[in-house]
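> Got a predicted structure here, sequence first:
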Amino acid sequence: MPKLEDKPRVILEEFRVKNAPDDYGMADEKWNFKKFVKKFRIVIVRMDNSEMEFDLIGIQPAFANAFRRLMLSEVPSMAIEKVMIKNNTSIIQDEVLAHRLGLIPLKADPKLFEYRAEDSTDGTEFDTLEFTLKIKCSANKSQPKDSFRAEDLYENHSVYSSSIKWHPIGNQASVHKETEVGPVHSDILISKMRPGHELDLHLVAVKGIGKDHAKFSPVATASYRLLPEITLTREVTGGEATLLQSCFSPCVIGIDSDGRAFVRDARYDSCSRNVYRYDSIKDAVVLSRIRNHFIFNVESVGAMLPSVIFVEAVKILRDKCKSLLDDLNNF
Amino acid sequence: MKISELPGDEDSGATCRTYVFQNESHTLGNALKCIINRYEDVQFCGYTVPHPAEAKMHFRIQTYETPALEVLKRGLKDLQKVCDHTIDLFEKEVKEFNKI
């Protein structure tokens, strides 16, 4: 752990945000890769199949932001790109329906597919997934008497993403499993219908990136924030302590058995400046954030693990540098 | 070709150049600028995306002595090293985390 004093801080005052007086900004430092390696740390705080939280410590804001931008707009994923409408007699318009279908997240692993060439008209088994959605709403013949509930009166009155059927092309059936390519969620409502309404659609999913359309973005959110830090400058007890506690997010300020307030964990503080509303305690705290401690939150849409998305993002930046260097060498 | 040179610096020696990157944006521009700006011999380094509707990024380098092209190459190599290190460290931490 670096000493507390080594951390560059930004101080949140009542009416302004200012850098610590001894902080001349990280921009003045000369670049030194060894020093970067020595200072840089990653801590994983929380991780499961859909969401993760991790800290990048001792990194430049430019890098942190590059990683975030890459996750959002340059890591590829599969999404429905073309919808051939053979029949649509439901009340939802063709183009609106096609747009809705495009936004359905697919489980297919984009690493197993290639980008489809811009001029290609027919997809191959390596770059395309094909689905169909064929469903018709009808009156329920065995409807119970006196019921006016839609689920009793009609069959297939709500079309869900579970009705989308995968049609393997070429050798796909032996490479992928049906459960691994279809929609991530089976209960996404696509359309509501009434007897006589019918959908007969052919869906084509391709690989793409978020820069082209947000539906290709593999993350629901990818964001970072700076680590908050709260320092108490004097003893706060009794009623003032409870008041102080109420100024911050829950569990941030604790009160010990003597009724004295202490900072329990500033990490999840919302960094509101409520304390400054109370003259009695506003001199007791210094609110700050650590300028090189980035708390990342990555939430996957479902196709890839969040940890994989981050690694892919960094790989994309690395490959960019590599290809640009190759370009420059024959300049 | 992804990189080209903006005309105008032919008579001023090799120490100052503006490079045009096709299909690049703030993602690469800012990260690269952040590294190159910290080099000893660099007088000025900055980038701009001249128009949001054009996928282009202009990257300006001015040095005291080193040729600008060399500085750009060094910057890209360093950025690549940063990425490699980040990937290694991150994968190590993920492995550690999954062990527990």
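Thanks, I have it. Numbers count the residues shown, from 1 in each chain, chains lettered A, B, ... in the order given.

> For burial, what's the neighbour tally of residue A:154?
19 (other CB atoms under 10 Å in any protein chain shown). Any C-beta I mention is one placed from the backbone N, CA and C, and that applies to glycine too.

> Residue B:72 too?
22.

> Report the buried residues of the helix or strand harbouring it.
Element membership of residue B:72 [criterion: DSSP states H and E] is helix B:68-99. Residues B:68-69, B:71-73, B:75-76, B:78-83, B:86-87, B:90, B:93-94, B:97 are the ones in helix B:68-99 that count as buried (16 or more other CB atoms under 10 Å in any protein chain shown).

> Also stretch A:77-94?
Across stretch A:77-94, burial judged by 16+ other CB under 10 Å covers A:77, A:78, A:79, A:80, A:81, A:83, A:88, A:90, A:92.

> ok, and the closest non-adjacent residue to the third one?
In other words, residue A:79. Spatial nearest neighbour of residue A:79, chain neighbours left out: residue A:215 (4.4 Å); criterion: CB to CB, 6 or more residues apart in numbering or on different chains.

> just checking, the one you found is part of a strand?
No: counting by DSSP: H, G, I helix; E, B strand; the rest coil, residue A:215 falls outside a strand, being helix.

> got the contact list for it?
Going by CB atoms under 8 Å, 6 or more residues apart in numbering or on different chains, residue A:215 touches A:79, A:80, A:102, A:103, A:208.

> Of the buried residues of helix B:68-99, which are in range of chain A?
When contact is defined as CB under 8 Å from any CB of the partner chain, those meet chain A at B:69, B:72-73, B:76, B:78-83, B:86-87, B:90, B:93-94, B:97.

> Point out the residues in chain B that sit beside chain A.
B:1-3, B:21, B:24-28, B:30-31, B:33-35, B:37-40, B:69, B:72-73, B:76-87, B:89-91, B:93-94, B:96-97.

> The spatially most central residue of chain B: what secondary structure?
When CA atoms, centre = their mean is applied to chain B, the residue found nearest the centroid is residue B:32 (2.9 Å). Classification of residue B:32 by three-state DSSP places it in helix.

> From chain B, how far off is the residue located most distally from the centre of chain A?
Distance from the C-alpha centroid of chain A peaks at residue A:145, with 47.7 Å (CA atoms, centre = their mean). For residue A:145, the distance to chain B (CB to the nearest CB, to the nearest Å) stands at 57 Å.

> Doesn't that residue lie inside a strand?
No: using three-state DSSP, the assignment for residue A:145 is coil, not a strand.

> Show the model's pLDDT score for it.
Note on residue A:145: pLDDT of 74.

> re earlier: of all pairs in the contacts of residue A:215, which one is the farthest apart?
By the measure CB to CB, A:103 and A:208 form the most distant pair in those, at 12.9 Å.

> can you pull the contacts of residue A:81?
A:102, A:204, A:205, A:206, A:208.

> which of those residues tops the neighbour count?
residue A:205 (27 neighbours).

> so which strand or helix has it?
Short version, using DSSP H and E: residue A:205 is in strand A:198-208.

> just residue A:258 next, same as before
For residue A:258, there is no enclosing helix or strand under DSSP H and E.

> May I have the predicted confidence score for the nearest residue to it once chain neighbours are set aside?
In this structure, residue A:258 finds its nearest non-sequential neighbour in residue A:237, 7.3 Å apart by CB to CB, 6+ apart. Residue A:237 is assigned a pLDDT of 93 by the prediction.

> Near chain B, which residues of the stretch 201-331 of chain A are found?
Residues of the stretch 201-331 of chain A found near chain B, taking CB under 8 Å from any CB as the criterion, are A:307, A:310-311, A:314-315, A:317-318, A:320-325, A:327-329, A:331.

> try 7 Å
Proximity of the stretch 201-331 of chain A to chain B is confined to A:307, A:310-311, A:314-315, A:317-318, A:320-322, A:324-325, A:327-328, A:331 under the rule CB under 7 Å from any CB of the partner chain.

> Count the residues that sit near the residue in the stretch 101-250 of chain A positioned nearest to chain B.
Residue nearest to chain B within the stretch 101-250 of chain A (CB to the nearest CB): residue A:211, separated by 8.5 Å. Residue A:211 sits with 16 neighbouring residues when counted by other CB under 10 Å.

> any idea which element it lies in?
Per DSSP H and E, there is no helix or strand for residue A:211.

> for residue B:50, same thing?
In this structure, residue B:50 sits in neither a helix nor a strand according to DSSP H and E.

> Can you verify my assumption that it contacts residue B:56?
Yes: using CB atoms under 7 Å, residue B:50 makes contact with residue B:56 at a distance of 6.4 Å.

> give me every residue that touches the residue nearest to residue A:29 when sequence neighbours are not counted.
Nearest non-adjacent residue to residue A:29, counting by CB to CB, 6+ apart: residue B:38, 6.3 Å away. Neighbour list for residue B:38: A:29, A:30, A:31 [criterion: CB atoms under 7 Å, 6 or more residues apart in numbering or on different chains].

> How about residue A:33?
B:78, B:81.

> How confident is the prediction for it, by pLDDT?
At residue A:33, the model reports a pLDDT of 93.

> And for the one 4 residues further on?
With respect to pLDDT, residue A:37 has a value of 95.

> Now do the buried residues in stretch A:39-46.
When burial is assessed from 16+ other CB under 10 Å, stretch A:39-46 yields the following buried residues: A:40, A:42, A:44.

> what comes into contact with it?
For stretch A:39-46, the surrounding residues in contact (CB under 7 Å, 6+ apart) are A:52-59, B:89-90, B:93-94, B:97.

> Could you give the separation of that stretch from the chain centroid?
Mean C-alpha position of stretch A:39-46 versus that of the full chain (CA atoms, centre = their mean, to the nearest Å) differs by 19 Å.

> The longest helix anywhere in chain A relative to helix B:68-99, how many degrees between them?
Identified as the longest helix of chain A according to DSSP state H is helix A:306-329. For helix A:306-329 against helix B:68-99, the angle by axes from the mean of the first three to the mean of the last three CA atoms, to 10 degrees is 160 degrees.

> next one: helix A:306-329 to chain centre, how far?
Per CA atoms, centre = their mean, the centroid offset for helix A:306-329 relative to its chain is 20 Å.

> Repeat that for stretch A:268-287.
31 Å.

> Going by neighbour count, which residues in that stretch are buried?
Neighbour counts using 16+ other CB under 10 Å place A:269, A:271, A:275, A:276, A:281, A:284, A:285, A:287 of stretch A:268-287 among the buried residues.

> Give me the distance between the fifth one and residue A:126.
As judged by CB to CB, to the nearest Å, residue A:281 and residue A:126 stand 64 Å apart.

> The fourth one now?
Look at residue A:276 and residue A:126: by CB to CB, they are 60 Å apart.
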